[in-house]
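A.B. asks: Starting from these lines, generate the structure:
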Amino acid sequence: MKTLPFVLSFVSGLTMASLALAQDHSGHSGGHEMQPAQAAPNSTASTALSTEAFEAANAVMHQAMAILYTGNADVDFARAMIAHHEGAVAMARVQLDYGKDPEMRKLAEEIIAAQGPEIAEMKAWLEKTGQ
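C.D. replies: Numbering: from 1, shown residues only. Sure thing, here's the model as predicted:
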């Protein structure tokens with residue numbers, strides 16, 4: 001039970017951060033608009049393309065993770081983790097498309113191999129339980 005206050009604090013912080021990011025600031029002026037991450041000055045074209053791919057995968061994942069919570073920890077866990085794992089798989093695919101390091105490529109392959117079946121298991125559980 002000692003972890004409950006920490007978890008609640010963490011989730012509350014994530015919720016506040018998500019709400020702040022989701023707010024429409026289009027009517028504001030003064031140069032406070034969020035800018036996409038910039039590639040390092042000496043980056044190559046493939047690095048810039050990989051950055052765009054990572055940013056796209058990350059955006060899809062975070063949007064999908066913004067679930068409406070049910071109050072059922074099992075359901076909420078499965079729904080949020082499906083989106084999280086799908087994001088990890090998408091990022092691993094970006095690594096395989098652009099990465100060169102054999103160690104990182106191996107890790108990306110392991111992530112895809114491990115998380116694909118976990119996604120399927122959580123989806124099956126949600127379906128089996130009528131969620």
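
A.B. asks: Dihedrals phi and psi, Asn72?
C.D. replies: Phi and psi for Asn72, reported as degrees, to the nearest 10, are phi -100, psi 110.

A.B. asks: Show the contacting residues for it.
C.D. replies: Listed by Cβ atoms under 8 Å, 6 or more residues apart in numbering, Asn72 has no contact partners. No exception for glycine: its C-beta is placed from N, CA and C like everyone else's.

A.B. asks: quick one: it from Thr129, how far?
C.D. replies: Separation of Asn72 from Thr129 (Cβ to Cβ, to the nearest Å): 9 Å.

A.B. asks: which residues sit against stretch 76-96?
C.D. replies: The contact list for stretch 76-96 (Cβ under 8 Å, 6+ apart) reads 50, 53-54, 57-58, 60-62, 64-65, 67, 69-70, 104-105, 107-109, 111-112, 115-116, 118-119, 122-123, 125-126, 131.

A.B. asks: how does it look with 7 Å?
C.D. replies: The contact list for stretch 76-96, computed with Cβ atoms under 7 Å, 6 or more residues apart in numbering, reads 50, 53-54, 57-58, 60-61, 64-65, 67, 69-70, 104-105, 108, 111-112, 115-116, 118-119, 122-123, 125-126.

A.B. asks: In the protein, mark out all the helices, start to finish.
C.D. replies: 3-22, 45-65, 73-98, 102-128 (DSSP state H).

A.B. asks: Where does pLDDT dip in the chain?
C.D. replies: For the chain, the stretches with pLDDT under 70 are 1-47.

A.B. asks: Now with 50, please.
C.D. replies: Residues of the chain meeting the criterion pLDDT under 50: 1-39.

A.B. asks: burial measure for Leu107, as a count.
C.D. replies: 14 (other Cβ atoms under 10 Å).

A.B. asks: quick one on the thing from earlier: which of the helices of the chain is buried the deepest?
C.D. replies: Ranked by mean neighbour count, the helices of the chain are led by helix 73-98 with a mean of 17 (mean count of other Cβ atoms under 10 Å).

A.B. asks: Now do the contacts for Met104.
C.D. replies: Gln95.
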